[in-house]
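Colleague: Provided below for reference: sequence and predicted model.
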Amino acid sequence: MKEQLGESVSAVNGKDGIMVHTVAKERLFEFMKEMKEKGFDSLSLITGVDRKDYLEVVYHLHNFATDEYVEVKTTTDNGVVPSLVSLWSSARWDEREEYDLMGIKFEGHENLKRIFLPENWVGHPLRKDYNLKNIQYINMDKDGEDYATFDPGDGW
Amino acid sequence: MDEVKTGDPGIITTTLEKALTWARSNSIWPLTFGLACCAIEMMTVQSARHDISRFGSEIFRNSPRQSDLMIVAGTVTKKMAPRLKRLYDEMPYPKYVIAMGVCVIQGGPYVHGYSVVLGVDKVVPVDVYVPGCPPTPDALTYGIMTLQEKIRGEIDR
């Protein structure tokens, strides 16, 4: 698979009939800009997949005029992917969620911080190497800000 | 058979305690508070078919300051737990809590998850547990009636 990624773009048909484009992350922004110019005006969702030795990011695009869906996949070894906020504003929260739960960093995002969990939460829970035995608890301080703690007497 | 309403109320002797608990048990107003899928069953309980108004749980109040009962319906996440505690603290005494569904009782299917509180009784004291996934509206009605019996002091559990 990685050999294919060295090339620019390979397009194949998924089993449910949706076109799947696999793009190298260096070419991702350029490719997405082309897709937007083609009429894919909505970024439906962003998914992160932990393949253990590398991370995969899947984008679902929708064309409202022709009711066409398309999937774009990219992979990353170091967990860094270019941000698409300048193309679709919906990427702003989706990328923050990806960062929160999967630990994928989006280069160029202006406010890349956690969206669900408190800022001092240790680790990213949907990663394969996240240790579920190391239980963390959440409590609220007097200002209404959440914080994470390892002490079961302090939070819930 | 000739019953004529004379307007004469007659006399009933009772204790103040009994009268108070009877009044209390027949006017439990729940808080509008749904967390997950169990909330759908909780809404059904209010509908015409299962109508808990017949038992005195008249309307779901939107403010914790006006309600007596918190029905915790749905998975309590760690993010929600401090908020739940705050809502409970805002309710006036006497206040009661029903834990609805197996997620609320001990974590249920999410018992190995990173984000779920394993039992709402770690956060607030619970009066009645209604197990099920989700419990039927009948089960919740039974739970509310059990709570009424508990308030009246008919059962001691």
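Modeller: Cool, the structure landed.

Colleague: Test for you: state the pLDDT assigned to residue A:12.
Modeller: Per-residue confidence at residue A:12 stands at 65 (pLDDT).

Colleague: same check, this time on the one 4 residues further on
Modeller: What the model reports for residue A:16 is a pLDDT of 72.

Colleague: One more: residue A:50?
Modeller: The model's pLDDT for residue A:50 equals 91.

Colleague: Residue A:124 is in contact with that one, correct?
Modeller: No: using Cβ atoms under 8 Å as the test, residue A:50 is too far from residue A:124 to be in contact (9.3 Å). Glycine gets a C-beta too; all of them are placed from N, C-alpha and C.

Colleague: Have a look at these two and say which one is more surrounded.
Modeller: Neighbour count, other Cβ atoms under 10 Å in any protein chain shown: between residue A:50 and residue A:124, residue A:124 has more, with 20 against 17.

Colleague: Return the residues in contact with that one.
Modeller: Residues near residue A:124 by Cβ atoms under 8 Å, 6 or more residues apart in numbering or on different chains: A:100, A:101, A:102, A:103, A:130.

Colleague: quick one, helices of chain B?
Modeller: Per DSSP state H, chain B carries helices over the ranges B:16-25, B:38-46, B:81-90, B:102-106, B:137-151.

Colleague: relative to helix B:137-151, how tilted is the helix or strand of chain B with the lowest mean pLDDT?
Modeller: Scoring the helices and strands of chain B by mean pLDDT, DSSP states H and E places helix B:16-25 at the bottom, with a mean of 88. Comparing the axes of helix B:16-25 and helix B:137-151 via axes from the mean of the first three to the mean of the last three Cα atoms, to 10 degrees yields an angle of 160 degrees.

Colleague: List the buried residues of helix B:16-25.
Modeller: For helix B:16-25, burial by neighbour count (16 or more other Cβ atoms under 10 Å in any protein chain shown) applies to B:21, B:24, B:25.

Colleague: ditto for stretch A:49-65
Modeller: A:50, A:55, A:56, A:57, A:59, A:60, A:61.

Colleague: got a list of what the spatially most central residue of chain A touches?
Modeller: Nearest residue to the geometric centre of chain A (Cα atoms, centre = their mean): residue A:98, 3.8 Å. Residue A:98 sits next to A:46, A:48, A:57, A:104, A:106 when contact means Cβ under 8 Å, 6+ apart.

Colleague: Would you point out the most distant pair within those residues?
Modeller: In the contacts of residue A:98, two members sit farther apart than any others by Cβ to Cβ. They are A:48 and A:106, at 10.8 Å.

Colleague: Same question for stretch A:138-148: list its buried residues.
Modeller: Within stretch A:138-148, the residues scored as buried using 16+ other Cβ under 10 Å are A:138, A:139, A:140, A:146, A:147, A:148.

Colleague: Briefly note if that stretch comes near chain B.
Modeller: Yes: judged by Cβ under 8 Å from any Cβ of the partner chain, stretch A:138-148 comes into contact with chain B at A:138, A:139, A:140, A:146.

Colleague: same deal with stretch A:107-114?
Modeller: No: judged by Cβ under 8 Å from any Cβ, stretch A:107-114 and chain B are separated, with a smallest distance of 11.3 Å.
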